[in-house]
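In: kindly return the folded structure for what I paste below:
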Amino acid sequence: MSVDAKTVRRIAHLARIAVTDDEVAPLQDELNAILSFVEQLDAVDVSGVEPMTSVTPMAMKSREDVITDGGHAREIVFNAPLTEDNYFLVPKVVE
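Out: Numbering: from 1, shown residues only. This next block holds a predicted model:
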């Protein structure tokens, strides 16, 4: 895929970037270089490679799903300026 000057101007317009006529040619070269690199990546065979969430292997941290003691609502809202039935009261912000 190749990017022409018209496409560079359209991309600049969509990105709200002011581009002068002198800047179009260098940007066109840069965009074409990026697209050729993406085409190279597309050629890599990744069948058999598991998807990763990180470049370094790591184990998911987990904990037991157990019931905790809870029951601390009164202590949690103790220092709040306004409360009602162990809930925080906040000013209305939407009319």
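In: what's in contact with the worst-scoring helix or strand of the chain on mean pLDDT?
Out: Among the secondary structure pieces of the chain, namely its helices and strands, helix 73-76 has the lowest mean (mean pLDDT, DSSP states H and E), a mean of 88. By C-beta atoms under 8 Å, 6 or more residues apart in numbering, the surrounding residues in contact with helix 73-76 are Asn86. The C-beta positions use only the backbone N, C-alpha and C, and glycine is treated the same way.
In: quick check: what element follows that helix along the chain?
Out: Helices and strands here follow DSSP states H and E; after helix 73-76, the next one along the chain is strand 83-84.
In: and that following strand, average pLDDT?
Out: Averaging pLDDT along strand 83-84 yields 92.
In: who touches the helix or strand following that strand?
Out: Next helix or strand after strand 83-84 toward the C-terminus (DSSP H and E): strand 87-88. Residues from elsewhere that reach strand 87-88 (C-beta under 8 Å, 6+ apart): Val77, Ala80, Leu82.
In: which stretches of this protein form helices?
Out: Remark: helices assigned in the chain by DSSP state H are 5-14, 21-42, 73-76.
In: turn the ones you listed into a markdown table, including mean neighbour count.
Out: Shown next, in a markdown table, are these (neighbours: other C-beta atoms under 10 Å):
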| stretch | mean neighbour count |
| --- | --- |
| helix 5-14 | 13 |
| helix 21-42 | 12 |
| helix 73-76 | 10 |
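In: rebuild those helices as a markdown table, extending it with distance to Val66.
Out: Formatted as a markdown table, the helices of the chain follow (distance: least, C-beta to C-beta, whole Å):
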| stretch | distance to Val66 |
| --- | --- |
| helix 5-14 | 52 |
| helix 21-42 | 45 |
| helix 73-76 | 20 |
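In: ranking those helices by mean pLDDT, which is last?
Out: Lowest mean pLDDT of the helices of the chain: helix 73-76, a mean of 88.
In: chain center to it: distance?
Out: 35 Å (C-alpha atoms, centre = their mean, to the nearest Å).
In: which residues touch Val8?
Out: Going by C-beta under 8 Å, 6+ apart, Val8 touches Val19, Val24, Leu27, Gln28, Leu31.
In: and the first one, what pLDDT?
Out: Confidence per residue is given as pLDDT, and for Val19 that number is 94.
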